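> Compute the structure for the input listed below.
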Amino acid sequence: LSVKLMPKRCSMVFSSKEKPTQLGLVLALEAGLDSGSNEIWVDPDNGASVTKGKDGTTFEFAPLGRANGRNMYRAVLIAP
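Numbering: from 1, shown residues only. Sure, this is the predicted structure:
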């Protein structure tokens, strides 16, 4: 797990055994709760997802490939 805090952005890189599409949907769903938006964009080919979060934030999830035999992912929360 790696977390970076930057101006208007928080990024997390992690590994998981979950399927990319399932993981992307669950994380986007959680990020979009209480936002007033029920729209989630998902790339069916790689599982990347984007949704609007609370207070105008944007949540992005993307598979990064494999490293050391593990599936790696990045989740980013972006402030407006």
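> As a check, name the ranges of all helices in the protein.
Assigned by DSSP state H, the chain shows helices spanning 20-32.
> what about the least confident helix or strand in it by mean pLDDT, distance to the chain center?
Least confident helix or strand, the chain: helix 20-32 with a mean of 85, by mean pLDDT, DSSP states H and E. Distance of helix 20-32 from its chain centroid, counting by C-alpha atoms, centre = their mean, to the nearest Å, is 7 Å.
> Please enumerate residues in contact with it?
The contact list for helix 20-32 (C-beta atoms under 8 Å, 6 or more residues apart in numbering) reads 16, 38-40, 42, 44, 46-53, 57, 59, 61, 63, 71, 73, 75, 77. (Glycine included, C-beta is placed from N, CA and C.)
> swap the cut-off to 7 Å and go again
16, 40, 42, 46-49, 51-53, 59, 61, 63, 73, 75, 77 (C-beta atoms under 7 Å, 6 or more residues apart in numbering).
> which residue is nearest the centroid of the chain?
The C-alpha lying nearest the average C-alpha coordinate of the chain belongs to F61 (C-alpha atoms, centre = their mean; 2.4 Å).
> I'd say that residue and A48 touch.
Yes. Using C-beta atoms under 7 Å, F61 makes contact with A48 at a distance of 6.3 Å.
> What's the separation between the closest residue to S16 other than its chain neighbours and G56?
Ranked by C-beta to C-beta, 6 or more residues apart in numbering and with sequence neighbours excluded, the top spatial neighbour of S16 is L23, at 5.8 Å. Here L23 is placed at a distance of 24 Å from G56 (C-beta to C-beta, to the nearest Å).
> Compare those two (neighbour count), which wins?
Remark: of L23 and G56, L23 carries more neighbours, 20 against 10, as counted by other C-beta atoms under 10 Å.
> if I pick T58, what's in contact with it?
Contacts of T58 (C-beta under 7 Å, 6+ apart): 50, 52, 78.
> tell me which of the residues you listed is nearest to A67?
Nearest to A67, judged by C-beta to C-beta, of those is V50 at 23.1 Å.
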